[in-house]
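> need coordinates for the following:
(chains A, B, C and D)
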Protein chains: 2
Amino acid sequence: MSPRRADPTIRPVLVDIAARLLAEEGPQALSTRRLATEADSSTMAVYTHFGGMSGLVREMVREGFARLHHHLTRVRRTGDPVADMALLGRAYRYNALANPHLYAVMFGGSSLAGFSLTEEDRQHGRYTLGNAVECATRCFAAGRFRAGDAELVAHLMWSAIHGLVALELGGYLIAPYDADRCFEAQLAGLMVSSGDTLEAAAGSVAASRGRMRDEVEAVRTEPAADG
Amino acid sequence: MSPRRADPTIRPVLVDIAARLLAEEGPQALSTRRLATEADSSTMAVYTHFGGMSGLVREMVREGFARLHHHLTRVRRTGDPVADMALLGRAYRYNALANPHLYAVMFGGSSLAGFSLTEEDRQHGRYTLGNAVECATRCFAAGRFRAGDAELVAHLMWSAIHGLVALELGGYLIAPYDADRCFEAQLAGLMVSSGDTLEAAAGSVAASRGRMRDEVEAVRTEPAADG
DNA sequence: GGATAAAACATATCGCTGTTATGTAATACT
DNA sequence: AGTATTACATAACAGCGATATGTTTTATCC
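Take a look at the predicted model:
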């Protein structure tokens, strides 16, 4: 009856090992036996601590969303909200490219041992939209975006950027229409479709590029050690 | 040495059964033993005819691309090329929703028994862009789209619609920002970002909706029996 | 501190998977 | 007809997730 907390020694170790295996060797490297070997433990550890592979994958997905949210939160609010919005898109793509396999599990629905997302997981996914919603509101206030539904604008940004990243990870975007070129064009296009002028959008998108190094790439890779 | 053609009796049968299993029960139902049972054969049939599960999945992917291409080709060229473009987007989404698991394998990179796409497969994927490229060219000629790169425009349309469909299949788009609403808004936005006016885009997107029944939904589900 | 209950772990096992090896029957070409 | 090649069936192997069972460690209570 007493809800004694599980020994927290090996839990994060297993998650870290699983994340490393997924990142370095792909989904097929994720197995209870491989995890047991790497952690100097037995296959049972996965079941006592996570109830099975699905639970461990779910934990990784939760951390993936936390990492994504952390990346997006690092984008500053400046006097050019359209540039902020573009930088949010860049941060989103940056995070996805840094963890491609994990991103595939989070959004591609990559089964990964019969794992399927919970409604709660999807809520986490939409929660990260908050940054874009707030940013869209500021774009309205600045007169850059045509007055409208901030949440809808955020959804359109999200789906468009997600599609580009997904095709990029799938290897579908090659020269001369490579991912970089399509991404820049799509960013500008999204701003224009939201109401911005061609020139202003191009300027803000270009300006956001220079902010990548300080506000996105400087983010630590491992955000929440959940201490 | 003599390249004697394999007995073509059971090959398409296996592909059909695999497609049905994938569509009705999902990826985990695809197993050599299950296929052997359904086809009243043995597990070896998969290896003699396809070299393993990967080969069979590849065959399904090829048929999936053919089906998608068939859907897109059914869209007519009318005097309103922007409406034609919007209908291409609708046909793309319609095809994906009709074969969600197969679509996930084709674009989501769903591993599915260690299967991975060949560069040739991806070429097939980009090949289907031809319809959109031609349509974009007509949008230029009609003065609806700002003169530019038709292939680039097609890529932007593709990635944006793909992202929306992927999020829809992942269950990320729920009311009040459900997939239908986001899709309609995204279609209009894409036309605007390509140079069309708000009013003209809204009109063409709305007009394309009425053409769905005749030009998209009427398409036979099984296109190329590869005779 | 000793008793006790619960959690963590190790081992062995089950049913399943893709794949391969081997033997046999059918088929096509010379 | 004779022969080579393919197709198929059976059995087996290595690996997987998952479970059952016994053992060790850990934490709580008297």
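> for the record, mean pLDDT for the helix or strand containing A:R34?
Assigned by DSSP states H and E, A:R34 belongs to helix A:32-38. Here helix A:32-38 scores 94 as its mean pLDDT.
> for chain A, name the helix or strand with the lowest mean pLDDT.
Least confident element among the helices and strands of chain A, by mean pLDDT, DSSP states H and E: helix A:119-127 (a mean of 85).
> using the three-state scheme, assign the residue nearest the centre of chain A.
Computing the C-alpha centroid of chain A and ranking residues by CA atoms, centre = their mean puts A:L68 first, at 3.8 Å. Following DSSP: H, G, I helix; E, B strand; the rest coil, we place A:L68 in the helix state.
> which residues does it contact?
A:Y92, A:N95, A:M106, A:T128 (CB atoms under 8 Å, 6 or more residues apart in numbering or on different chains). Glycine gets a C-beta too; all of them are placed from N, C-alpha and C.
> in chain A, which spans are helices?
Remark: helices assigned in chain A by DSSP state H are A:11-25, A:32-38, A:44-50, A:53-73, A:81-98, A:100-107, A:119-127, A:130-141, A:150-169, A:179-193, A:198-210, A:212.
> identify whichever of these lies nearest to B:E217.
helix A:150-169 (23.2 Å; CB to CB).
> counting contacts, what elements does that closest one pack onto?
helix A:81-98, helix A:100-107, helix A:130-141, helix A:179-193, helix B:150-169, helix B:179-193 (3 or more CB pairs under 8 Å, 6 or more residues apart in numbering or on different chains; DSSP states H and E).
> only alpha carbons, please: show that helix as PDB.
Taking Å, rounded to 0.1, in the frame of the first residue of the first chain, the C-alpha atoms of helix A:150-169 are listed here in PDB:
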ATOM      1  CA  ALA A 150      -3.400  33.300 -32.900                       C
ATOM      2  CA  GLU A 151      -3.900  29.700 -32.200                       C
ATOM      3  CA  LEU A 152      -4.800  28.900 -35.800                       C
ATOM      4  CA  VAL A 153      -1.800  30.800 -37.000                       C
ATOM      5  CA  ALA A 154       0.400  28.800 -34.600                       C
ATOM      6  CA  HIS A 155      -1.100  25.500 -35.900                       C
ATOM      7  CA  LEU A 156      -0.400  26.500 -39.500                       C
ATOM      8  CA  MET A 157       3.200  27.400 -38.700                       C
ATOM      9  CA  TRP A 158       3.600  24.100 -36.800                       C
ATOM     10  CA  SER A 159       2.200  21.800 -39.400                       C
ATOM     11  CA  ALA A 160       4.100  23.500 -42.200                       C
ATOM     12  CA  ILE A 161       7.500  23.400 -40.400                       C
ATOM     13  CA  HIS A 162       6.800  19.900 -39.200                       C
ATOM     14  CA  GLY A 163       6.100  18.700 -42.700                       C
ATOM     15  CA  LEU A 164       9.300  20.200 -44.000                       C
ATOM     16  CA  VAL A 165      11.400  18.700 -41.200                       C
ATOM     17  CA  ALA A 166       9.700  15.300 -41.700                       C
ATOM     18  CA  LEU A 167      10.500  15.300 -45.400                       C
ATOM     19  CA  GLU A 168      14.000  16.400 -44.600                       C
ATOM     20  CA  LEU A 169      14.500  13.500 -42.100                       C
END
